[in-house]
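In: Quick one, what's the 3D model for this:
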Amino acid sequence: MLSNKTKGFFIGAIAAASYGTNPLFALPLYEEGMNPDSVLFFRYLLAVPIMGLMLLFRRGKSEFKVTPTQTLQLFVMGILVAVSSLSLFISYTYMDAGIASTILFVYPIMVAMIMAIGFKEKFTISTGLCIAMALGGIALLYRSSDGKTISLFGTILVMVSSLTYALYIVGVNQTKLRDMPTLKVIFYVLLFGVFVFACKIILSDTMVTPKNIMSWVNLLGIAILPTAVSFLCTTSAIQLIGPTPTAILGALEPLTAVVIGVTMFGEVLTPRIALGIILILLAVSIVVAGGNFAKQITNIKKLFPRKR
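Out: Residues are numbered from 1 along each chain as shown. From the prediction side, this is the model:
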């Protein structure tokens with residue numbers, strides 16, 4: 001019988017790996033002529049009923065009720081997540097998906113900076129060093145495998161995606177939404193996201209409908225794996241092992257995207273890019289672990305006792 005801790009780590013790994021499958025479904029849709037606006041519209045549209053059913057079965061009909069204040073807060077969170085998703089998906093057209101997903105993973109560092117500047121949370125020397133380490137990692141990623149400079153616009157898009165997601169995390173934790181069930185927050189964030197993308201498509205006339213069955217399969221896949229499954233497993237993992245270990249397991253997200261990019265889309269993984277990825281993942285993992293990092297190192301050392 002597995003312990004709750006073991007289950008939590010397993011579920012947390014599934015959550016991170018499933019979110020890293022975004023490029024697996026998005027890139028084939030781009031090749032078939034769909035644009036980021038349309039992909040995200042259908043992604044959110046298909047994910048909303050899935051999350052709604054989860055909320056209904058786990059919480060009941062009464063959990064769908066929200067106050068006017070909560071509605072406004074959820075709408076703002078929906079816009080932030082929509083901008084984050086759109087920026088990331090557009091960046092896939094400017095750079096390798098694995099690199100984009102790795103740069104995106106600096107969002108915990110942005111959370112630390114926002115909390116320190118906006119909410120007077122303690123900003124430690126180790127956090128500053130980790131920020132420098134992450135920036136160094138991004139610098140190593142700034143040139144592609146063929147020696148060409150990675151798109152500056154693509155890099156900016158990923159940083160915008162990371163920043164808006166960081167603002168979303170801070171917003172949820174610094175408002176009364178922190179007391180709302182996670183599934184309920186996700187359901188309404190996705191619902192308002194559908195509204196945002198619908199308005200954007202109507203105003204810009206950029207709707208591209210799926211052309212064949214495989215397009216629908218990819219859209220359903222992106223709505224289920226990196227959306228519904230990832231959010232559900234993340235919530236379960238936090239309940240079993242807490243937010244810090246779950247966030248550390250999030251390092252599997254960019255690694256999954258890199259593996260998919262290399263094995264399925266012909267992206268090249270050079271030693272320099274690998275080093276950049278390692279620096280970013282190490283920096284963010286240290287920041288997320290916070291005061292527990294030294295304890296985690298001590299626990300690892302205990303696994304390898306010195307021979308006398």
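
In: Next up, the contacts around residue 256.
Out: Listed by Cβ atoms under 8 Å, 6 or more residues apart in numbering, the contact set of residue 256 reads 16-17, 19-21, 101. The C-beta positions use only the backbone N, C-alpha and C, and glycine is treated the same way.

In: Recalculate using a threshold of 10 Å.
Out: Contact analysis of residue 256 by Cβ atoms under 10 Å, 6 or more residues apart in numbering lists 13, 16-24, 98, 101, 226.

In: gap between it and residue 109?
Out: Relative to residue 109, residue 256 is positioned 20 Å away (Cβ to Cβ, to the nearest Å).

In: Kindly report the same for residue 52.
Out: According to Cβ to Cβ, residue 52 and residue 109 sit 33 Å apart.

In: Please identify which of the two sits among more neighbours.
Out: residue 109 (23 against 16; other Cβ atoms under 10 Å).

In: Where does pLDDT dip in the stretch 51-200 of the chain?
Out: Where the stretch 51-200 of the chain drops to pLDDT under 70, the residues are 121, 123, 127, 141-149.

In: In helices, which of the contacts of residue 256 appear?
Out: 13, 16-19, 22-24, 98, 101 (DSSP state H).

In: now those as CSV including neighbour count and distance to residue 252?
Out: Formatted as CSV, those follow (neighbours: other Cβ atoms under 10 Å; distance: Cβ to Cβ, whole Å):
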residue, neighbour count, distance to residue 252
13, 17, 6
16, 23, 4
17, 21, 5
18, 23, 9
19, 23, 9
22, 28, 13
23, 27, 14
24, 20, 14
98, 26, 13
101, 26, 11
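
In: of those residues, closest to residue 276?
Out: residue 98 (10.8 Å; Cβ to Cβ).

In: Tell me if I'm right that the closest one and residue 266 touch.
Out: No: between residue 98 and residue 266 there is no contact under Cβ atoms under 10 Å: 11.4 Å.

In: one step back: quick check, nearest of the ones in helices among the contacts of residue 256 to residue 5?
Out: residue 13 (12.9 Å).

In: Starting from residue 207, give me the distance back to that closest one.
Out: Distance from residue 13 to residue 207, by Cβ to Cβ: 36 Å.

In: No further questions, thank you.
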